[in-house]
Each structure stands twice: as structure tokens, then as C-alpha cells.
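Engineer: Just a sequence and a predicted model for now, questions to come.
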Amino acid sequence: MRWVAPVLASVVGLSFGFTAGFILLPDQPGIEVSQSQYANHWPFEVGQARLRCEGKGAVILTVGGTDYAVNGMAASNRYRPIQAVIIDPKIDFGPIISRGLTLCKW
């Protein structure tokens, strides 16, 4: 019975090790951004959204529970194109990208 404890510890350790790779940890909690903060420089069709950074520079805008890629780094991931929520493509959303990159500590 001396082998039970080490074997059990190994099984638990392996189980945790395998499942730990599937646990999603939040990168950055993000911030709320709104049209009132950007006045006439708000290009989106909604009045507010959540802006966050993931990884080393992917800026994501969450609108109604859906994530949109704000910059190229995020576009190469699994996010929908930001054009889906832009109401006026002539408005430069560079300030939104800059704000998101500050969350990445850039």
C-alpha cells in the first residue's frame, strides 16, 4: 500500500497539468469606453463598449457580448472584423487603438 499515495499524487498532478492548459485566464480586465469620452471621434454604432488587451498587443472591443478585432494583432486571431460595428468609416479610430494599447502596457 506504500505505492498508493505516490501514484495518487502523480495522477492528480497529471490531471491538473492537462486541464491547466485549458483554463482561460483573463489577460486584462479592460475598461469601458463610450461615445461621451470621444465626442465626434466615436466611429461605432453603439454608445459604449468594453475595450481590452490580450497577449502582447491584440486590442479587442466587446459589443453586446461579441468580440471585435480593433487592430491587426487581434485580427490575426479569432475575432470578428471591427468594420461590423463601425457606423462611419471616415472617423479615425486610432485613439481607440492607442487607448487599448495602453492596456497592453505599450
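Structural biologist: Ah, there it is.
Engineer: CA atoms for contacts and neighbours, from now on please.
Structural biologist: OK.
Engineer: in the protein, which segments are predicted with low confidence?
Structural biologist: Applying pLDDT under 70 to the chain picks out residues 1-28.
Engineer: could you show me where the strands are in it, in order?
Structural biologist: For the chain, strands defined by DSSP state E occupy the ranges 31-34, 48-54, 58-63, 66-69, 80-81.
Engineer: Generate a markdown table for these, with mean neighbour count and distance to L101 as supplementary columns.
Structural biologist: Shown next, in a markdown table, are the strands of the chain (neighbours: other C-alpha atoms under 10 Å; distance: least, C-alpha to C-alpha, whole Å):
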| stretch | mean neighbour count | distance to L101 |
| --- | --- | --- |
| strand 31-34 | 15 | 12 |
| strand 48-54 | 21 | 7 |
| strand 58-63 | 24 | 7 |
| strand 66-69 | 18 | 13 |
| strand 80-81 | 17 | 18 |
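Engineer: any chance of these in TSV, with distance to G94 too?
Structural biologist: Output for these, formatted as TSV (distance: least, C-alpha to C-alpha, whole Å):
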stretch	distance to G94
strand 31-34	14
strand 48-54	13
strand 58-63	11
strand 66-69	13
strand 80-81	15
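Engineer: Distance check, W106 against R50.
Structural biologist: For W106, the distance to R50 (C-alpha to C-alpha, to the nearest Å) stands at 19 Å.
Engineer: what's the answer for I31, then?
Structural biologist: Distance from I31 to R50, by C-alpha to C-alpha: 6 Å.
Engineer: go on, H41?
Structural biologist: In terms of C-alpha to C-alpha, H41 sits 17 Å off from R50.
Engineer: again, but for K56
Structural biologist: Distance, K56 to R50, by C-alpha to C-alpha: 18 Å.
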